[in-house]
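K.L.:
3D model of this:
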Amino acid sequence: MDIEALKQAVCDRVDALAPRLVHASRAIHEHPELNYEEHFAHGLLTDLLADQGIEPGRHAYGLATAFDATAGDTGPTVAVLCEYDALPGVGHACGHNVIATAGLGAGLAAAFVAQQAGGRVRIMGTPAEEGGGGKVKMARAGAFHGVDAAMMVHPADADLITIDCIAIQELVVEFQGKAAHAAAAPWEGRNALDAAVLGYMNIATLRQHIRPNERIHGIFTKSGDKPNIVPAETEMDWYIRSGTIESLQPLKARVLNCLESAAQACGCTMSHEFVGETYADMIDNQPMVQSYVANAARLGRIVLDPTTSGHHVVGSTDMGNVSYLVPSIHPMIKVAPDGVPIHSVEFAQWAASPAGDQAVIDGAKAMAMTIVDLWTSPGLLERVRADFARRPEGVEVY
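P.N.:
Got it, this is the predicted structure:
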């Protein structure tokens, strides 16, 4: 089969699977599950793989809700990544039900032609993107060894070649002071809430002097027990973001300086922990991007470059870590009207709308055709590898 025939075959296969893919997307949307609790989604997606004759590795890489399935015997290996965790309170407001089923559809369609095209496809279930770092843990366990390219699509309010992905680290801070009666003997106390508030204000002033692509935002998770007791212990939870995983490191140090100086000023002590996995920035492989854009255009989707269109979606994802390990793309696919932000209640509604259903089908087709290109287009994989070789070296991402 030639390239055009292979692309038509994968699109036809997605159409044949469309009712099951849309049903799965809606079902996952109706059963939102948090980090590492995605048992319903894991079971549904792996059962669909098995029903299509591809027996998955369930509970893969030591993670109860990860999976990995392979089709094809030889040739370049392309991984399609599926996310399916939800957010507390707002459910699938990031549209991971669309990501999961578009990825599944792309993988199944590519598997259908893998023998003729001379390639291998891996369909990987990657849990806990919303802060749990599932892909980072999988990478640490060797999940991406032997992978030549990786991809996924993410829903948004526009078709974009990428997310404006910035690195992120979570920081948990505790201030320790000394309790006292706030009316009878306040001078005996050392106010840990004052330390936390002063630390917050220090960071507020720091925000005036950080780069435009850097963010620092936090909350008080413990502030005291009763107004007439000088608070002896307080806690804060912070997210620190920067343009790259390298530029994140000095910003983390500046944030700690703000908090530690506040503790010292109030006569308190402070302890901290950088928790969870550090998420890296996203390095989009440009030859892969170009292939995806051309294939999406065949479906009537014009995929825009945020740098020229002015339409940006800013966030952080553990797909960024993958992009340092293998050539990768993370395009955004439109499911909602312009201006509807991800992580909102309104966006969650659009993720289970007819537009969301269409994104499942179109995303599956565009990725499946891109996989065909990677397998069969002369010179494409060499250009992909050459572009990947220009990434920063020596960066620790897992």
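
K.L.:
grab the most central residue of this structure for me.
P.N.:
Geometric centre of the chain, nearest residue: residue 317, 3.0 Å, by C-alpha atoms, centre = their mean.

K.L.:
pretty sure that residue sits against residue 323.
P.N.:
No: assessed by C-beta atoms under 8 Å, residue 317 is found out of contact with residue 323, at 9.5 Å. Backbone N, C-alpha and C define where each C-beta goes, glycine included.

K.L.:
overlap in contacts, the two.
P.N.:
282, 330 (C-beta atoms under 8 Å, 6 or more residues apart in numbering).

K.L.:
host element of residue 297?
P.N.:
helix 286-298 (DSSP states H and E).

K.L.:
could you name the helices and strands sitting against that helix?
P.N.:
Counting by 3 or more C-beta pairs under 8 Å, 6 or more residues apart in numbering; DSSP states H and E, the packing neighbours recorded for helix 286-298 are strand 149-151, strand 328-329, helix 354-376, helix 380-388.

K.L.:
how long is stretch 327-345 from one end to the other?
P.N.:
One end of stretch 327-345 to the other measures 33 Å (C-alpha to C-alpha, to the nearest Å).

K.L.:
can you give me the buried ones in it?
P.N.:
327, 328, 329, 330, 331, 332, 333, 334, 335, 336, 342 (16 or more other C-beta atoms under 10 Å).

K.L.:
again with stretch 342-359
P.N.:
342, 347, 348, 349, 350, 351, 352, 355, 356, 357, 358, 359.

K.L.:
same thing with stretch 16-23?
P.N.:
Those would be 17, 18, 20, 21, 22, for stretch 16-23 by 16+ other C-beta under 10 Å.

K.L.:
now do the closest residue to the last one other than its chain neighbours, the pLDDT please.
P.N.:
What that stands for is residue 22. For residue 22, ignoring the flanking residues on the chain, the nearest one in space by C-beta to C-beta, 6 or more residues apart in numbering is residue 357 at 4.7 Å. According to the prediction, residue 357 has pLDDT 98.

K.L.:
which residues does residue 357 contact?
P.N.:
Residue 357 neighbours (C-beta under 8 Å, 6+ apart): 22, 25, 26.

K.L.:
re the thing from before, save the buried residues of stretch 342-359 as JSON lines, and put in distance to residue 66 too.
P.N.:
JSON lines is the format used below for the buried residues of stretch 342-359 (distance: C-beta to C-beta, whole Å):
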{"residue": "342", "distance to residue 66": "23"}
{"residue": "347", "distance to residue 66": "25"}
{"residue": "348", "distance to residue 66": "24"}
{"residue": "349", "distance to residue 66": "28"}
{"residue": "350", "distance to residue 66": "27"}
{"residue": "351", "distance to residue 66": "22"}
{"residue": "352", "distance to residue 66": "24"}
{"residue": "355", "distance to residue 66": "29"}
{"residue": "356", "distance to residue 66": "24"}
{"residue": "357", "distance to residue 66": "26"}
{"residue": "358", "distance to residue 66": "28"}
{"residue": "359", "distance to residue 66": "24"}
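
K.L.:
please enumerate the helices of the stretch 101-250 of the chain.
P.N.:
Along the stretch 101-250 of the chain, counting by DSSP state H, counting those that start in this stretch, helices occupy 134-140, 192-206, 245-265.

K.L.:
list the helices and strands the first one packs on?
P.N.:
So the one you mean is helix 134-140. strand 269-279, helix 319-325.

K.L.:
for the second one, same thing?
P.N.:
Judged by 3+ C-beta pairs under 8 Å, 6+ apart, the packing partners of helix 192-206 are strand 167-176, strand 215-222, strand 233-242, helix 245-265.

K.L.:
now do the longest helix that the chain contains: distance to the chain's middle.
P.N.:
Counting residues, the longest helix in the chain under DSSP state H turns out to be helix 3-30. Averaging C-alpha positions (C-alpha atoms, centre = their mean, to the nearest Å) puts helix 3-30 23 Å from its chain's average.

K.L.:
name the residues that touch the helix or strand following it?
P.N.:
Counting by DSSP H and E, the element after helix 3-30 in chain order, helix or strand, is helix 39-51. By C-beta under 8 Å, 6+ apart, the residues outside helix 39-51 that reach it are 20, 24, 27-28, 31, 33, 55-56, 58-59, 64-67, 69, 82, 84-85, 100-101, 104, 108, 123, 125, 127.

K.L.:
re the thing from before, can you say which of the helices and strands packed on helix 192-206 is nearest to residue 157?
P.N.:
Residue 157 lies closest to strand 215-222 among the helices and strands packed on helix 192-206, at 19.9 Å (C-beta to C-beta).

K.L.:
pLDDT on that closest one, on average?
P.N.:
97.

K.L.:
what pairs with that strand, parallel or antiparallel?
P.N.:
strand 233-242 (antiparallel) (DSSP bridges).

K.L.:
the strand it pairs with: which residues count as buried?
P.N.:
233, 234, 235, 236, 238, 240, 241, 242.

K.L.:
next one: it to chain centre, how far?
P.N.:
20 Å.

K.L.:
tell me the angle that strand makes with strand 167-176.
P.N.:
160 degrees (axes from the mean of the first three to the mean of the last three C-alpha atoms, to 10 degrees).

K.L.:
report the mean confidence score over strand 233-242.
P.N.:
pLDDT averaged over strand 233-242 gives 98.
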